[in-house]
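A.B. asks: what would the 3D arrangement of this be:
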Amino acid sequence: MHSSCDNPDYDYAASIAGRALRSMAEQRIAPTPANFAVWYRYFAGSHDDLRNAIDLLIDHNRPFDARTNQDLFETYVVPRVSAAVVDTSERLQTLMGTAMEFLTTAIADNRSQMQAISEVADQGKAGVDPKALVAQLMNELARAATRATRLEAGFAEKTRELDQIRDSLSRSEERARTDMLTGLANRRALDEFLRKAQATAEWGEPLSVLMLDIDHFKSFNDSYGHGVGDQVLRLIAKVLRDKVRTQDLSARYGGEELMAVLPDANLAACAEIAERIRRAVAEATITRRSTGEVLPSISVSIGVAQYRTGETIADLVERCDRALYLAKGGGRNRVMTEAELDRA
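C.D. replies: Modelled structure (predicted):
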């Protein structure tokens, strides 16, 4: 039997596992298998997007609550794969098998038809009664037409089934990129959109982002319960989605923080949209669904920043986050841009 010292793979894995568990303890993260998988992958360095996401959370002193941990696991370790996707794979296998049978049958029928017509032609050369030959030929053609009709109907049915599978795959892909609570894009979709927008911005097109945080959300949850808190989060997500433009992406950044990415929008244009969002939330009436009780109004603080050529996305988000916390420190229920950072 070899000792662990003779097994570098064991030593490496044990080292990564130890670092993961120590960091989880420092962040007061429950050592569940899912949480451990996130942090093991983080220290293994095999997933840049996961590392960037966790580094941002740590840099900005974000709590690793149960919801954040679940989002990290589902987004970066085991993205949600619905039962529809598994079913789709099985349906595709069956469909391909059926298609092969159809093609095999079509080829065999074609050979049979050609052989039958060839025999009719040989009989014609041998002086057989033309009327009998015509009747025989018409009979062969009729049988061929019947077989072709059956094959066509079978292929049409399988084509419809393929359309259904394509639609099912599209819906599954959309669910894998969507935050289930708010209906906004999740972190995976946000990261992808930001990378593409950054590539365009490097050519001189403006790119701005806004980040909003619900003011006093923890105390609101403590007073009215997480169910009502989720209702409020969905309401604000709808306001965000409605107020940004069609080419923009609205996403859930984490917890009660939402973000919008605005390609081809400078700082002033993004700040104007942020102000519309802030005002719409402040003017909204929130009613408890179960009782009809009108709840106290909710406000949001919003930070805005514009991409600078050559910087990283992490730099852009960090500057936007600083503007957000400047808004919260300045009294909440307001919009602050990166322009106020230097003045502050």
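A.B. asks: please, where are all the strands along the protein?
C.D. replies: 207-214, 249-254, 257-263, 286-287, 294-295, 300-306, 335-337 (DSSP state E).
A.B. asks: Asp65 is nearest to which of those strands?
C.D. replies: Closest to Asp65 of those, according to C-beta to C-beta: strand 249-254, at 9.3 Å. Placement of C-beta: from N, CA and C, glycine included.
A.B. asks: elements contacting that closest one?
C.D. replies: helix 66-72, helix 187-201, helix 226-243, strand 257-263 (3 or more C-beta pairs under 8 Å, 6 or more residues apart in numbering; DSSP states H and E).
A.B. asks: ok and that strand relative to strand 207-214, angle-wise?
C.D. replies: Interaxial angle, strand 249-254 versus strand 207-214 (axes from the mean of the first three to the mean of the last three C-alpha atoms, to 10 degrees): 50 degrees.
A.B. asks: what's next to strand 249-254, contact-wise?
C.D. replies: Under the criterion C-beta atoms under 8 Å, 6 or more residues apart in numbering, residues 57, 62, 68, 71, 179, 181-182, 184-187, 189-190, 193, 211, 237, 240-241, 244, 258-261 lie in contact with strand 249-254.
A.B. asks: which among those end up buried?
C.D. replies: Among those, those buried by neighbour count (16 or more other C-beta atoms under 10 Å) are 57, 62, 68, 71, 179, 182, 184-187, 189-190, 193, 211, 237, 240-241, 244, 258-261.
A.B. asks: residue contacts, the residue nearest the centre of the chain?
C.D. replies: Nearest residue to the geometric centre of the chain (C-alpha atoms, centre = their mean): Arg177, 0.9 Å. Neighbour list for Arg177: 185-186, 188-189 [criterion: C-beta under 8 Å, 6+ apart].
A.B. asks: rewinding a little: quick one: closest of the strands of the chain to Arg19.
C.D. replies: Using C-beta to C-beta, these put strand 249-254 closest to Arg19, at 22.8 Å.
A.B. asks: could I have the CA atoms of the closest one written out in CSV?
C.D. replies: C-alpha atoms of strand 249-254 as CSV (Å, rounded to 0.1, in the frame of the first residue of the first chain):
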residue,chain,number,x,y,z
LEU,A,249,-30.2,42.9,-20.6
SER,A,250,-31.7,43.0,-17.2
ALA,A,251,-30.4,40.4,-14.8
ARG,A,252,-30.3,39.3,-11.2
TYR,A,253,-26.8,39.9,-9.9
GLY,A,254,-27.3,38.2,-6.5
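A.B. asks: tell me which of the helices and strands packed on strand 249-254 sits most buried.
C.D. replies: strand 257-263 (a mean of 24; mean count of other C-beta atoms under 10 Å).
A.B. asks: mind listing what it pairs with, with the direction of each?
C.D. replies: strand 207-214 (antiparallel), strand 249-254 (antiparallel) (DSSP bridges).
A.B. asks: adding distance to Arg19 and mean pLDDT, write those strands out as CSV.
C.D. replies: Converted to CSV, these look like this (distance: least, C-beta to C-beta, whole Å; pLDDT from 0 to 100):
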stretch, distance to Arg19, mean pLDDT
strand 207-214, 30, 96
strand 249-254, 23, 92
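A.B. asks: closest to Arg319 out of those?
C.D. replies: By C-beta to C-beta (comparing all of the strands paired with strand 257-263), the closest turns out to be strand 207-214, at 9.1 Å.
A.B. asks: do I have it right that Tyr307 meets Gln198?
C.D. replies: Yes: with contact defined as C-beta atoms under 8 Å, Tyr307 reaches Gln198; the gap is 6.8 Å.
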